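Visitor: Make a model of this:
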Amino acid sequence: MKKIIYQTDLGVAVVTPAPWCEISIEQVAQKDVPAGVPYSIVDALLVPEDRTFRAAWEKSPSGIIINPDKAKAIWKDKWRAARNPILASLDIEFMKAVEAGDSAKQAEIAAHKQALRDVTQTEISGNSPDEIKAVWPQVLGEKQ
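Guide: Okay, here's the model as predicted:
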């Protein structure tokens, strides 16, 4: 199966002709791709199935590539989302420690919260989607 891809301001658009479509894929492209926008007709296997880094897709002559810098930023946003409920829970525990006058517990919680805030400073050394997704800081708990 073939697909049509083209770059937009928001990323890569993918047009998948319906299997029962009675017009050629070139005709579908003429109909569905905005006028003047360059497009490619590629094998469906060149379009990633995993949509985790969809916003990092870029059109290339060979299909779709995933921009590693954008993918890393997306993955770090996922870390931020994972840490938010942990921080909220720690805020409650911190206030309980304040009320109890437990300065040791306050210091422990403050250190944990700082480790969570620093999580986005963690380096992601890989560039492939699998290498990027393999990095999950331990302080965040189980990968989501």
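
Visitor: Contacts for the biggest strand by length in the chain next, please.
Guide: Taking DSSP state E as the criterion, the chain has its longest strand at strand 2-8. With C-beta atoms under 8 Å, 6 or more residues apart in numbering as the test, strand 2-8 has contacts from 12-17, 25, 28-29, 32-34, 37-44, 46-47, 58-59, 63-64. Bear in mind the C-beta positions are built from the backbone N, C-alpha and C, glycine included.

Visitor: do the same with stretch 97-114
Guide: So stretch 97-114 is contacted by Leu87, Leu90, Glu93, Phe94, Val139 (C-beta under 8 Å, 6+ apart).

Visitor: With pLDDT as extra columns, can I get the residues you listed in JSON lines?
Guide: Putting these into JSON lines (pLDDT from 0 to 100) gives the following:
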{"residue": "Leu87", "pLDDT": "97"}
{"residue": "Leu90", "pLDDT": "97"}
{"residue": "Glu93", "pLDDT": "97"}
{"residue": "Phe94", "pLDDT": "97"}
{"residue": "Val139", "pLDDT": "96"}
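
Visitor: for the residues you listed, which one is nearest Lys76?
Guide: Val139 (13.5 Å; C-beta to C-beta).

Visitor: Identify the residues contacting the closest one.
Guide: Arg83, His112, Ala115, Leu116, Val119.

Visitor: what would those look like in JSON lines with distance to Tyr6?
Guide: What follows is the contacts of Val139, written out as JSON lines (distance: C-beta to C-beta, whole Å):
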{"residue": "Arg83", "distance to Tyr6": "36"}
{"residue": "His112", "distance to Tyr6": "46"}
{"residue": "Ala115", "distance to Tyr6": "43"}
{"residue": "Leu116", "distance to Tyr6": "40"}
{"residue": "Val119", "distance to Tyr6": "36"}
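
Visitor: okay if I get these as JSON lines plus pLDDT and secondary structure?
Guide: Formatted as JSON lines, the contacts of Val139 follow (pLDDT from 0 to 100; DSSP: H, G, I helix; E, B strand; the rest coil):
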{"residue": "Arg83", "pLDDT": "97", "secondary structure": "helix"}
{"residue": "His112", "pLDDT": "97", "secondary structure": "helix"}
{"residue": "Ala115", "pLDDT": "97", "secondary structure": "helix"}
{"residue": "Leu116", "pLDDT": "97", "secondary structure": "helix"}
{"residue": "Val119", "pLDDT": "96", "secondary structure": "helix"}
